[in-house]
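J.: Sequence and predicted structure below; questions after.
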Amino acid sequence: MAFDIVNLEDRARTAITLGESHFREFKSSLDGPAGRKTPRAARSIAKDIAEALVAFANGDGGELLVGVEDDGTISGINSLATDQIELLEAAPVTHVHNKTPLVNLRSARLKIDGVSLLYFSILKSSSHVHLTADGRCVQRRDLETVPIPPEEILLGRRERESREYDRGYVDGATASDLNTDIVRAVAHQLSAGMSVEKSLQYLDLAEYIGPGLRLRRAALLLFGKEPTRWHPRLQIRILKVEGSELKSGELYNVKSDQIVIGNIVELIERGWEGLRPQLVQTRLSRGARFESTIMYPELACREALVNAIAHRDYSDEGRGIEIYVFDDRMEVRNPGSLLSSIKIEDLLRLEGVHQSRNAMVCRVLRELGYMRELGEGMRRMFELMRNSELSAPQVSSHGDSFRVTLHHNTIYKPEQVLWLGQFDEFGLTREQKAIIVLGMNGRLVSPQDIWDNLGLVDTEDYRRLVRSLQDLLILTSEIPKVKAQSIARAQRKGVREIPRFRISVPRKSAPPAIARSTTEQIDATDDVQDRSATVWLGNLSREVTKESLYSFLSSFGTLESIRIPIANGQGRGFAFASFSGQTVEDLINVISGNTFQGRTIVVRPALPRMPRS
């Protein structure tokens, strides 16, 4: 087979077509509004180049195109003088700290459709924690470059070996050792018509060195025809265990023990085909019929499987992935502990934190759509389990292994299950059940309880949920809103914080229209009917309290709620306030310019809150 060296212009075109990502960034040489752009200062561009390359090197590697707008428009660098362009080309040296030089860097000056631009690419670094010339440490995370303490990037010798494993070149391996059908599918997804050789080079899985194409280990892990020839434990072992504890000897209770072998792309599909039947449980239904159901959300199980395949320590060639399916849980055990730059607490905060042990493997899996934005898999698992009313996944890292456990346990306590059982005939949603649990034992529920416990961010969602339970006569207004407003003023609270809804079991269900017409407890002035507006308040003291802020804001309207974000035990200098019966514009007009605790308050529209994961 003849191999053609990848054309860098084609590579740049493909990168521009794919757009910015965790592995790609564009920088413009222009500044200003559309139609009136002017050249940027060359020194400013050089600083941006160095910062982007340092971030890629400290992250998972990537490529940078200078002369391309964020939307992919090729604006070029033609407006710059020759000496200015030379300054940009030297930026990876002149604007990077001399004690942390960039290695594995490639750069070129290109022309696309007659327009000049600069192209840089750099691999993930394991030799240095790189700094910019002014001593800043940054790292690429998804679509952003963020500051990070250097100690979070420092790697132990074992960890460095595991991170470098997939990028090493393998002597004696050739393209004929790959499943070209899979590689061709990858090439087509990158760019229609791209050849197998170009796609391998584009993904940095291969490079022409000397007379032929040399393959990195990642290419063989991903696409190898004979997987175990290149890695003796490129496999998943799936064990179905009878009971909730693994026993040994005469009491050995493993019902089935299956080993799935394949390259990484094959393992994802074959592994799922082997795992899925083990997750089926047959139970006697209420109608005295046996029904087979999947014990866990299928997508959560697939996320756990893909996460294990993508992030296991492949440098540990003596072990493979093991999945134990017990009666009450599923455990995915992975070779390789959590990377030193990530803590368990970081994962449990569900903020999308990530580090790729196998940067090249993860890049391909992401390009193929098996993985989302890096760091999303864990958050997705938690969300799927919660939506199925199952307890949150457990994650643990011990010694040289990492474990994800999915439990087949409801999120509700036994007494909550009994309480909810009285509402079975209504076929309630997860959100409706969450509200009903709040009202156990005759407890009155406040609107803020509903907002906080369900992680609501949209007023319409709140209105829909409250109204749906009112229609079923399950939720009634024990305290009219007018009285709640009076109580709120006396207690210096937002009216949302006043408990006033009661949860009760209707004697029998009734159609919504009948339920609404026959109940007299529906408060006509209930806040589900009110227009509300939320504003952001800035320039506040870090010691501000809800009570003092309420006293200040109460003269501007009826307060629904006040939220003061806290960090390290004190306020962050801003707050959010919601008012009923007003618009954002009204609030900005009446509050702006007022002084509170010696500070002039800044008022802006509040940005929409992100849904809670």
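T.: Now that the structure is in, tell me what you want to look at. Not measured: the values here are computed from a predicted model.
J.: Might you list the low-confidence residue ranges for the stretch 501-613 of the chain?
T.: 507-531, 608-613 (pLDDT under 70).
J.: let's see it at 80
T.: Along the stretch 501-613 of the chain, the parts satisfying pLDDT under 80 run over 507-532, 567-569, 607-613.
J.: what comes up buried for stretch 128-138?
T.: The neighbour-count check on stretch 128-138 (16 or more other C-beta atoms under 10 Å) flags 128-133, 137-138 as buried. (Each C-beta comes from the backbone N, C-alpha and C, glycine too.)
J.: Closest one to N334 out of the residues you listed, please.
T.: Each of the buried residues of stretch 128-138 was checked against N334 using C-beta to C-beta; the closest is V129, at 25.8 Å.
J.: can the buried residues of stretch 128-138 go into CSV with extra columns for pLDDT?
T.: Formatted as CSV, these follow (pLDDT from 0 to 100):
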residue, pLDDT
H128, 83
V129, 89
H130, 94
L131, 96
T132, 96
A133, 96
C137, 94
V138, 94
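J.: What about these, which are in strands?
T.: Using DSSP state E, the subset of the buried residues of stretch 128-138 located in strands is V138.
J.: Let me have the buried residues of stretch 128-138 in TSV, extended by distance to Q258.
T.: Shown next, in TSV, are these (distance: C-beta to C-beta, whole Å):
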residue	distance to Q258
H128	44
V129	43
H130	44
L131	49
T132	51
A133	55
C137	46
V138	45
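J.: Now name the helix or strand holding K493.
T.: Using DSSP states H and E, K493 sits within no helix or strand.
J.: which parts of the helix or strand encompassing K111 are buried?
T.: In this structure, K111 is located in strand 105-112 according to DSSP H and E. For strand 105-112, a neighbour-count test (16+ other C-beta under 10 Å) marks 105, 107, 110, 112 as buried.
J.: likewise stretch 444-456?
T.: Buried residues in stretch 444-456 (16+ other C-beta under 10 Å): 445-451, 454, 456.
J.: Show me the contact partners of it.
T.: 431, 434-435, 438-439, 462, 465-466, 475, 478-479, 494-503, 527, 560-561, 611-612 (C-beta atoms under 8 Å, 6 or more residues apart in numbering).
J.: so L347, which of the three states?
T.: Here L347 is helix, with the state taken from DSSP: H, G, I helix; E, B strand; the rest coil.
J.: if we can go back for a sec, from the buried residues of stretch 444-456, which is closest to I411?
T.: L454 (13.0 Å).
J.: any low-confidence regions in the stretch 151-300 of the chain?
T.: Checking the stretch 151-300 of the chain against pLDDT under 80 turns up 151-161, 209-212, 281-294.
J.: all helices for it, in order.
T.: 157-164, 180-190, 196-202, 217-223, 227-230, 264-275, 298-311 (DSSP state H, counting those that start in this stretch).
J.: Strands of the stretch 451-600 of the chain, start to end?
T.: Here the stretch 451-600 of the chain has its strands, by DSSP state E, counting those that start in this stretch, at 475-477, 501-503, 532-538, 558-563, 566-567, 570-571, 574-580, 595-596, 599-600.
J.: chain center to the second one: distance?
T.: Right, strand 501-503. 36 Å (C-alpha atoms, centre = their mean, to the nearest Å).
J.: likewise the third one?
T.: In terms of C-alpha atoms, centre = their mean, the centre of strand 532-538 is found 27 Å from the chain centre.
J.: What helices and strands are in contact with that strand?
T.: Applying 3 or more C-beta pairs under 8 Å, 6 or more residues apart in numbering; DSSP states H and E, one finds that strand 532-538 contacts strand 574-580, helix 584-591, strand 602-605.
J.: got the buried residues for the first one?
T.: Residues 574-580 are the ones in strand 574-580 that count as buried (16+ other C-beta under 10 Å).
J.: Using TSV, lay out the residues you listed together with distance to R233.
T.: Output for the buried residues of strand 574-580, formatted as TSV (distance: C-beta to C-beta, whole Å):
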residue	distance to R233
F574	52
A575	54
F576	52
A577	57
S578	56
F579	61
S580	62
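J.: In this protein, which helix is the longest?
T.: Longest helix in the chain by number of residues, with DSSP state H as the criterion: helix 42-58.
J.: Quick check: next helix or strand after that helix?
T.: Following helix 42-58 in sequence, per DSSP H and E, is strand 62-66.
J.: Extract the CA atoms of stretch 361-378 and return them as CSV.
T.: Provided in CSV are the C-alpha atoms of stretch 361-378 (Å, rounded to 0.1, in the frame of the first residue of the first chain):
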residue,chain,number,x,y,z
VAL,A,361,-7.3,7.4,23.0
CYS,A,362,-9.8,9.9,24.5
ARG,A,363,-9.4,12.2,21.6
VAL,A,364,-10.4,9.5,19.1
LEU,A,365,-13.3,8.3,21.3
ARG,A,366,-14.5,11.9,21.5
GLU,A,367,-14.2,12.4,17.7
LEU,A,368,-16.3,9.2,17.2
GLY,A,369,-19.0,10.4,19.6
TYR,A,370,-18.4,7.7,22.3
MET,A,371,-17.4,10.4,24.7
ARG,A,372,-18.9,13.9,25.2
GLU,A,373,-16.9,16.9,26.4
LEU,A,374,-14.2,15.5,28.7
GLY,A,375,-15.4,15.3,32.3
GLU,A,376,-19.1,15.0,31.3
GLY,A,377,-19.3,11.2,31.8
MET,A,378,-19.3,11.2,35.6
